[in-house]
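Visitor: Structure here, sequence nowhere to be found:
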């Protein structure tokens, strides 16, 4: 069992009346959210939109969240609060404002820093900082949408961590407290009974990865219009479908795709007893108690914790095999 805890204005009152909760942690910011259903029988008024709370499962910090949606029901009388990660003040619209910009012949670090509104703290991992970008456009996109699209091009993650917005290679993200995300190990109980609280369920496809050892791409020469091939790795090659604008773009696209191929394998879904230290982008180890065909190291793509009242006993997650 794990207990949810909030630190913030009127959090004790909210926790005392908590009926249920669901905490979602996903890659990037695709699904980072906390939903609280609170009994309002003897309560008048609602906490304001934008109110921030530090969220913990037991003693594990899960991050800083802010109220983004509020709902009500008259029977049974309850309010539902949806909180999302809060890397900045929701009153400051500059991070969500849609803008257009273009960059030519500059580093990835320069693009990320210049795309971020003044006053926000952003960190770009050293392995990504000096990547040269020949050309990139931002067309009527918010900062968050643009950074997430850019991250996808480089097999990276762009997400808030505490009060920072970080841009990191996948698999190298940190927990909200700034520490390395903990590796968690899962064992199969000797008596794996669905009626037991220790029951573990793992399912997935055995054929999750295309067997490529290299990637090739084409770019169009500006001198004579011919299509020129570049490649990285060895045969068999995966060919990227869209021609790139330059040799540099093609080389970078091949390197990014090859890293992704080498990093990813089969995907699995897991239902298991709760571990408060399970984070998206963290590592899950299925130990030797599992059959050889599925044991190994997996990168967590998404993890969900649900509970009745303050307590949660089970978690569900999806993960991708880390190919060595």
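Guide: Thanks, I have the structure now. What you are looking at is a predicted structure, and each value in this text was computed from that prediction instead of being measured.
Visitor: per-domain residue ranges of the protein.
Guide: 2-85, 93-169, 184-207+264-322, 214-262 (automatic domain parsing).
Visitor: Quote the end-to-end distance of the first one.
Guide: If I follow you right, that is domain 2-85. One end of domain 2-85 to the other measures 21 Å (Cα to Cα, to the nearest Å).
Visitor: can you give me the mean pLDDT across that domain?
Guide: When pLDDT is averaged over domain 2-85, the result is 88.
Visitor: partners of the lengthiest strand in the chain in the sheet?
Guide: Secondary structure of the chain per DSSP state E: the longest strand is strand 60-74. Strand pairing for strand 60-74, using DSSP bridges, gives strand 52-57 (antiparallel), strand 77-85 (antiparallel).
Visitor: Those: which one's closest to residue 201?
Guide: Nearest to residue 201, of all the strands paired with strand 60-74, is strand 52-57, at 20.9 Å by Cβ to Cβ. For glycine as for every other residue, the C-beta is placed from the backbone atoms N, C-alpha and C.
Visitor: returning to that earlier point: can you lay out the strands paired with strand 60-74 as CSV showing distance to residue 181 and mean neighbour count?
Guide: Below are the strands paired with strand 60-74 laid out as CSV (distance: least, Cβ to Cβ, whole Å; neighbours: other Cβ atoms under 10 Å):
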stretch, distance to residue 181, mean neighbour count
strand 52-57, 14, 20
strand 77-85, 15, 19
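Visitor: Centroid-wise, who is the farthest residue in the chain?
Guide: The centre of the chain is farthest from one residue, residue 224, which by Cα atoms, centre = their mean lies 42.8 Å away.
Visitor: any idea how far that residue is from residue 81?
Guide: 61 Å (Cβ to Cβ, to the nearest Å).
Visitor: Only the buried residues of the helix or strand that contains residue 215, if you could.
Guide: Per DSSP states H and E: residue 215 is located in strand 214-220. Neighbour counts using 16 or more other Cβ atoms under 10 Å place 214, 215, 216, 217, 218, 219 of strand 214-220 among the buried residues.
Visitor: all helices of the chain, in order?
Guide: 11-16, 108-115, 126-129, 143-153, 247-263 (DSSP state H).
Visitor: okay if I get those helices as JSON lines plus distance to residue 67 and mean neighbour count?
Guide: Putting these into JSON lines (distance: least, Cβ to Cβ, whole Å; neighbours: other Cβ under 10 Å) gives the following:
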{"stretch": "helix 11-16", "distance to residue 67": "11", "mean neighbour count": "14"}
{"stretch": "helix 108-115", "distance to residue 67": "27", "mean neighbour count": "18"}
{"stretch": "helix 126-129", "distance to residue 67": "33", "mean neighbour count": "14"}
{"stretch": "helix 143-153", "distance to residue 67": "18", "mean neighbour count": "19"}
{"stretch": "helix 247-263", "distance to residue 67": "36", "mean neighbour count": "19"}
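Visitor: Columns distance to residue 196 on top of those helices, output as TSV?
Guide: TSV is the format used below for these (distance: least, Cβ to Cβ, whole Å):
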stretch	distance to residue 196
helix 11-16	29
helix 108-115	48
helix 126-129	43
helix 143-153	40
helix 247-263	34
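Visitor: Tell me which of those lies nearest to residue 199.
Guide: helix 11-16 (28.1 Å).
Visitor: Other residues contacting the closest one?
Guide: Helix 11-16 is contacted by residues 4, 5, 6, 36, 38, 43, 47, 53, 81, 310 when judged by Cβ atoms under 8 Å, 6 or more residues apart in numbering.
Visitor: Just put those residues in JSON lines and tack on distance to residue 241.
Guide: Output for these, formatted as JSON lines (distance: Cβ to Cβ, whole Å):
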{"residue": "4", "distance to residue 241": "44"}
{"residue": "5", "distance to residue 241": "48"}
{"residue": "6", "distance to residue 241": "46"}
{"residue": "36", "distance to residue 241": "44"}
{"residue": "38", "distance to residue 241": "49"}
{"residue": "43", "distance to residue 241": "55"}
{"residue": "47", "distance to residue 241": "48"}
{"residue": "53", "distance to residue 241": "44"}
{"residue": "81", "distance to residue 241": "43"}
{"residue": "310", "distance to residue 241": "49"}
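Visitor: in this structure, which ranges drop under the pLDDT threshold?
Guide: 27-31, 86-94, 118-120, 161-163, 171-180, 207-210, 323-324 (pLDDT under 70).
Visitor: got the contact list for residue 110?
Guide: Residue 110 sits next to residue 103 when contact means Cβ under 8 Å, 6+ apart.
Visitor: Against residue 122, how distant is it?
Guide: 12 Å.
Visitor: before we move on, what about residue 45?
Guide: For residue 45, the distance to residue 122 - Cβ to Cβ - is 36 Å.
Visitor: Pick out whichever of these two has more residues nearby.
Guide: Taking other Cβ atoms under 10 Å, residue 45 and residue 122 do not tie; residue 122 has more neighbours (19 against 8).
Visitor: Pretty sure the more buried one sits against residue 166.
Guide: Yes. At 7.3 Å, residue 122 and residue 166 qualify as touching, with contact defined as Cβ atoms under 8 Å.
Visitor: what about residue 1, how many neighbours?
Guide: Around residue 1 there are 12 residues (other Cβ under 10 Å).
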